[in-house]
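> Provided below for reference: sequence and predicted model.
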Amino acid sequence: GEDVEQSLFLSVREGDSSVINCTYTDSSSTYLYWYKQEPGAGLQLLTYIFSNMDMKQDQRLTVLLNKKDKHLSLRIADTQTGDSAIYFCAEGDSWGKLQFGAGTQVVVTP
Amino acid sequence: DVKVTQSSRYLVKRTGEKVFLECVQDMDHENMFWYRQDPGLGLRLIYFSYDVKMKEKGDIPEGYSVSREKKERFSLILESASTNQTSMYLCASSLWTDNQPQHFGDGTRLSIL
C-alpha cells in the first residue's frame, strides 16, 4: 500500500503554535485528513482539505498542502493543554478507504 | 451528529476462543470499516464493507472475518483468537459518496490471554 509518514513526537509550550508535518505518496489522493485521538478514545475528525486547495483555515487550525512535494501540515495556533493528543494524517482514495500515518504524539507543557 | 457505537470498551478473552466485536452506526452510512491500532504502526485496515452482505479485505485480514447482515451493523470475528491479536480495534463508517470522511467509534481494547 501507499505510505503516509509523520514524525512520532512533538513537544510544545502552551500558547505557542504547533506544526505537525506529514508526507504521503499517492498523487491520486483526492482528500487529505487530520484526525485527533485523545487517550482512551476513538479518532475525531479535525479537518480535511481537497487536493486542489493549498490552504484551509478553521479557527485555530490551518492546513497547508504542497501537492508537488506531497507534503501536508497542520498548524495549531495558541496551543492549549487540551490539544495534547495523538494526531493522525490520512490520505483518502476514491473508494473511501483511508491510509493513515503512524500518528504524532503532541505534548503541551505549561 | 454521527454516532458509531462499539459494544465493548474492554474485552479479555482466551487463546483459541471465537471472539465477536460489534459495531453499530446510526446515520445510514453505506461504508463501514474495521481497523486495528498498535503503537508506532498507526491504524491498519482489516476489512471493510460498502453495502449489506458485501465485504472486502483490507491490508491485514488474516485471522479475521466480518459479517454485515444489516446496514447499520458490522461485526468483526476472530475465528480462533491468538495473543498477537491483542490490540485496540476501531470501527468507522462513512457515506458512499466520493471521499466522505470516516467517523469513528471509541474503540475496543481487546486482550487475548
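That came through fine. Numbers count the residues shown, from 1 in each chain, chains lettered A, B, ... in the order given.
> Who does the residue nearest to A:D54 when sequence neighbours are not counted form a beta bridge with?
The shortest distance from A:D54 to any non-neighbouring residue, by CB to CB, 6 or more residues apart in numbering or on different chains, is to A:L65 (5.9 Å). Every C-beta, even on glycine, is put in place using the N, C-alpha and C of the backbone. With DSSP bridges applied, the residues forming beta bridges to A:L65 are A:L72.
> next one: B:L78
Beta-bridge partners for B:L78, by DSSP bridges, are B:V19, B:Y64.
> What pLDDT is listed against it?
At B:L78, the model reports a pLDDT of 97.
> can you count the residues close to the nearest residue to A:D69 once chain neighbours are set aside?
Nearest residue to A:D69, sequence neighbours excluded (CB to CB, 6+ apart): A:T23, at 7.7 Å. If you count neighbours by other CB atoms under 10 Å in any protein chain shown, A:T23 ends up with 16.
> Return the set of residues that bridge with A:T23.
A:E5, A:H71.
> residues in contact with it?
Contact analysis of A:T23 by CB atoms under 8 Å, 6 or more residues apart in numbering or on different chains lists A:4-6, A:69-72.
> Count the neighbours of the residue nearest to A:D54 for me.
So A:L65, with other CB under 10 Å, has 21 neighbours.
> residues from chain A in reach of chain B?
When proximity is defined by CB under 8 Å from any CB of the partner chain, chain A lies next to chain B at A:1, A:4, A:8, A:30-31, A:33, A:35, A:40-45, A:48, A:88, A:92, A:94-98, A:100-103.
> Phi and psi next, for the closest residue to B:M88 other than its chain neighbours.
Spatial nearest neighbour of B:M88, chain neighbours left out: B:Q37 (4.4 Å); criterion: CB to CB, 6+ apart. When read as degrees, to the nearest 10, the backbone of B:Q37 gives phi -120, psi 120.
> Retrieve the pLDDT associated with B:Q37.
The model's pLDDT for B:Q37 equals 94.
> And B:N99, by the same measure?
Value for B:N99, per-residue pLDDT: 68.
> give me the low-pLDDT residue ranges for the chain?
Picked chain A for this. For chain A, applying pLDDT under 70 flags the ranges A:1-2.
> wrong one, chain B
B:1-2, B:98-99.
> Quick one: classify A:V108 as helix, strand or coil.
What DSSP: H, G, I helix; E, B strand; the rest coil gives for A:V108 is strand.
> Surely it is in contact with A:V12?
Yes: between A:V108 and A:V12 there is a contact under CB atoms under 8 Å: 5.7 Å.
> what sits in contact with each of these two?
A:18, A:79.
> what's the distance between the residue most central in space within chain B and chain A?
With distances taken as CA atoms, centre = their mean, the residue of chain B nearest its centroid is B:W34 (2.8 Å). Here the criterion is CB to the nearest CB, to the nearest Å. By it, B:W34 lies 12 Å from chain A.
> rewinding a little: scan the contacts of A:T23 and report the most crowded one.
In the contacts of A:T23, the most neighbours by other CB under 10 Å go to A:L72, 26 neighbours.
> can you tell me which residues contact it?
By CB under 8 Å, 6+ apart, the residues touching A:L72 are A:21-24, A:32, A:49, A:63-66, A:89.
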